[in-house]
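Trainee: What shape does this take:
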Amino acid sequence: MKDIKEKEISYAKYGYLFIAPFFIAFLVFQFIPLIQTIYYSFFEYYRSGLKIIGPNPVGFANYEALFASDFPKYAGNTIIMWLLGFVPQIIVSLILAAWFTDIRLRIKGKQFFKVVIYMPNLIMASAFAMLFFALFSDNGPVNHALVSAGLLEQPFRFLSSVWGTRGLVGLMNFLMWFGNTTILLMAAVMGINPALFEAAELDGCTPRQTFFRITLPMIRPILVYVLITSMIGGLQMFDVPQILTNGKGTPDRTSMTLIMYLNNHLFSKNYGMAGAVSVILFIIAAILCLVVYFTLNSEDDSRKIKKRDRFKPRKEALQNNG
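Mentor: The predicted structure is shown next:
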């Protein structure tokens with residue numbers, strides 16, 4: 001037995017060897033820059049012409065200047081434009097996922113439709129923004145079609161209107177990402193045990209009852225994932241409004257996002273303020289994600305507790321009879 005134990009080989013070291021590249025890359029390209037960003041957010045560190053000022057420690061002065069600026073306004077712009085794209089995205093994706101996975105509908109050409117709705121996700125955001133800039137310009141084909149149809153007397157200036165610009169940004173985010181969300185939700189629905197749907201049909205449940213009572217509760221983990229990733233992506237919104245408004249957030253900076261504001265500080269070499277913006281953005285994203293995660297998970301926990309309490313008297317009776 002001793003000889004056998006001595007000949008046993010531990011393969012744990014090979015596992016550490018395979019995961020080492022990830023941790024090394026994370027340490028070098030993410031963790032160290034994150035620490036440096038937090039560190040420099042407490043310093044005065046910027047370039048004035050050819051002269052570099054700092055780094056001089058200033059404590060929380062950068063954060064005080066940040067909240068005294070238009071930072072809250074840009075945070076509101078970001079959340080509004082994210083909601084304009086995410087709300088229709090999740091509604092349409094849920095409807096399409098329910099349709100495509102419903103055996104009773106027998107939709108033909110499902111694979112074709114899956115490819116079509118996912119294709120916008122493959123287009124670069126910069127190309128998408130340039131396309132919409134040309135389509136919805138004052139003399140673009142959309143305005144021309146609306147005026148020719150008699151719906152408008154004169155062209156509508158989408159890019160000069162607050163809600164016109166925000167609406168275009170939300171529409172582009174919706175078109176680019178609803179296909180990806182639909183595929184994820186379809187995979188979640190297809191992972192549900194078909195016996196549950198068959199039992200619901202035998203009990204006389206309507207499609208609406210089946211959707212709200214079975215489908216939605218069962219795909220809750222994927223919904224949490226979609227919401228959190230979409231929220232993080234919305235807070236990092238940059239390329240679409242940057243190109244659509246030429247980096248100015250027009251009109252009157254009502255479409256300026258947090259990352260566009262951060263990019264302005266980086267472009268002006270104000271590393272201290274840029275670090276403060278990055279730290280606040282990180283904290284906002286972390287808090288929102290934790291709120292969403294624990295809120296949705298607490299509902300699952302409360303259901304488990306109610307179910308356990310409901311069957312507790314029955315278990316006690318069985319134990320007493322035994």
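Trainee: what's the next secondary structure element after the strand or helix carrying residue 47?
Mentor: Assigned by DSSP states H and E, residue 47 belongs to strand 43-48. The first helix or strand that comes after strand 43-48 along the chain, using DSSP H and E, is strand 51-57.
Trainee: Tell me which residues are up against that next one.
Mentor: 40, 42-47, 269, 271-272 (C-beta atoms under 8 Å, 6 or more residues apart in numbering). Using the backbone N, CA and C atoms, a C-beta is placed for each residue, glycine as well.
Trainee: Which among those count as buried?
Mentor: Buried residues within those, counting neighbours by 16 or more other C-beta atoms under 10 Å: 40, 42-46, 271-272.
Trainee: Next, give me the two most distant ones among those residues.
Mentor: In the buried ones among the contacts of strand 51-57, two members sit farther apart than any others by C-beta to C-beta. They are 42 and 46, at 13.9 Å.
Trainee: any shared contact partners between the two?
Mentor: residue 272.
Trainee: Could you save the buried ones among the contacts of strand 51-57 as JSON lines and add columns showing pLDDT?
Mentor: JSON lines is the format used below for those (pLDDT from 0 to 100):
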{"residue": "40", "pLDDT": "90"}
{"residue": "42", "pLDDT": "94"}
{"residue": "43", "pLDDT": "91"}
{"residue": "44", "pLDDT": "89"}
{"residue": "45", "pLDDT": "86"}
{"residue": "46", "pLDDT": "82"}
{"residue": "271", "pLDDT": "87"}
{"residue": "272", "pLDDT": "90"}
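Trainee: could you dump the residues you listed to CSV with distance to residue 209?
Mentor: Converted to CSV, these look like this (distance: C-beta to C-beta, whole Å):
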residue, distance to residue 209
40, 56
42, 56
43, 59
44, 62
45, 60
46, 60
271, 57
272, 57
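Trainee: buried ones in stretch 183-198?
Mentor: 183-186, 188-189, 197.
Trainee: And these, which is closest to residue 214?
Mentor: For those, the nearest to residue 214 is residue 197 (6.7 Å; C-beta to C-beta).
Trainee: ok but the closest one is inside a strand, no?
Mentor: No - if the criterion is DSSP: H, G, I helix; E, B strand; the rest coil, then residue 197 is helix and not within a strand.
Trainee: so it makes contact with residue 214?
Mentor: Yes - here residue 197 reaches residue 214: they are 6.7 Å apart, a contact under C-beta atoms under 8 Å.
Trainee: now stretch 48-66: mean pLDDT?
Mentor: The average pLDDT within stretch 48-66 is 86.
Trainee: Flag every buried residue along it.
Mentor: Neighbour-count burial for stretch 48-66 [16+ other C-beta under 10 Å]: 58, 62-63, 66.
Trainee: can you check stretch 207-224 too?
Mentor: 210-211, 214-215, 219, 222-224.
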